[in-house]
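A.B. asks: give me coordinates for this.
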Amino acid sequence: IIKWKLPEDIESLRIDTGVEHGSEIGIFYDPMLAKLIAWGPDRATALRKLGYALRSTVIEGVRTNKDFLVSLLGHDSFRNGTAHTGFISDHFDELHAPAGSSLLHFSVIAATACLFHHWHQSDQLQAGLPLVYRNNPYRDPSVKFLVEQNEIQVTWKNTGADLYSYSIAQSDYSVELLDSCGDQLRMAIDGIQYRFEVTRSEDHFFVHSFSGSIEILKLSRHPLRHNTAEEGTANSPMPGQVLKIMVQVGQKVSAGDPLILLEAMKMEHTMRAHADGIIETILVKQGEVVGPGQVLVQIAAL
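C.D. replies: Take a look at the predicted model:
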């Protein structure tokens, strides 16, 4: 956990937890990180208080169900007490709806602001120059990010004192940086104020706002070389333990075929082939504990 911040001073809110900033979340214990319990004189008050507490909670470095719970608390059927045991499956797509373009774009703007502030402060030669100074006035600075498996390029230019113009995916935004203190940003985007908390871990940016949390990866300016085997790798999406290896070296597989069965967070997860190919190498053994992003199987193209 690289960022752990729970709400404080909320009356009649109880928080139970056994982790903190810097805690390592493994695979051998219950996946619950914290429990938030809100009390109110009626259901609506308790729900409103619990929703505010969840939106104010910042947990970065691990994936949680926080945004899902916020979505659940805001659903009309849940709020009026008519939810039943099939509620989540009946409304699965609504409750797991992807983040809207506004939240994604605004989070990218916050990550970009954090990035060029870091560039400016870390370079003594730029310390005496205006923020985002350019010696080439004919091309605006730009950077590429990976957000929810989508590559996004953002360009920006300084239009005045703490004023910027951003362009993202054919959308233009007028941005004023109102306040910046550590990892806290307050900006006006198209005249509306927003607060962001940006946590950086190398090229990963974790952007938290009252509307949700977004993980953003800064991409290299230069394309990375990939060989055929790299393009056909199967990686572990989370820490887990290998329960069963379902393929053999030399076996032909098609996209969607099961490769490895993992156990993580008391659940079984099937790793599947993303493309047709031949199993070239199996890099794990049954019973082995693997980490997030670890390569499990390499597949050569046909």
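
A.B. asks: residue 189 touches residue 174, doesn't it?
C.D. replies: Yes - counting by Cβ atoms under 8 Å, residue 189 does reach residue 174; the two are 7.4 Å apart. Just so you know, the C-beta spots here come from the backbone N, C-alpha and C atoms, and that holds for glycine as well.

A.B. asks: what are the boundaries of the helices in the chain?
C.D. replies: Ranges of helices in the chain, per DSSP state H, are 43-56, 66-73, 76-79, 87-90, 92-95, 101-122, 228-231.

A.B. asks: export these to JSON lines and append columns for distance to residue 240.
C.D. replies: Below are those laid out as JSON lines (distance: least, Cβ to Cβ, whole Å):
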{"stretch": "helix 43-56", "distance to residue 240": "26"}
{"stretch": "helix 66-73", "distance to residue 240": "21"}
{"stretch": "helix 76-79", "distance to residue 240": "31"}
{"stretch": "helix 87-90", "distance to residue 240": "23"}
{"stretch": "helix 92-95", "distance to residue 240": "23"}
{"stretch": "helix 101-122", "distance to residue 240": "28"}
{"stretch": "helix 228-231", "distance to residue 240": "22"}
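
A.B. asks: least reliable of those by average pLDDT, please.
C.D. replies: Among those, helix 228-231 has the lowest mean pLDDT, at a mean of 46.

A.B. asks: check contacts around the residue lying closest to residue 217 once chain neighbours are set aside.
C.D. replies: Distance criterion Cβ to Cβ, 6 or more residues apart in numbering; nearest residue to residue 217, sequence neighbours excluded, is residue 146 at 4.2 Å. Counting by Cβ atoms under 8 Å, 6 or more residues apart in numbering, residue 146 touches 152, 216-217, 219.

A.B. asks: and if you look at residue 194?
C.D. replies: For residue 194, the contacting residues are 106, 186-188, 209, by Cβ under 8 Å, 6+ apart.

A.B. asks: 7 Å instead, please
C.D. replies: 106, 187, 209 (Cβ atoms under 7 Å, 6 or more residues apart in numbering).
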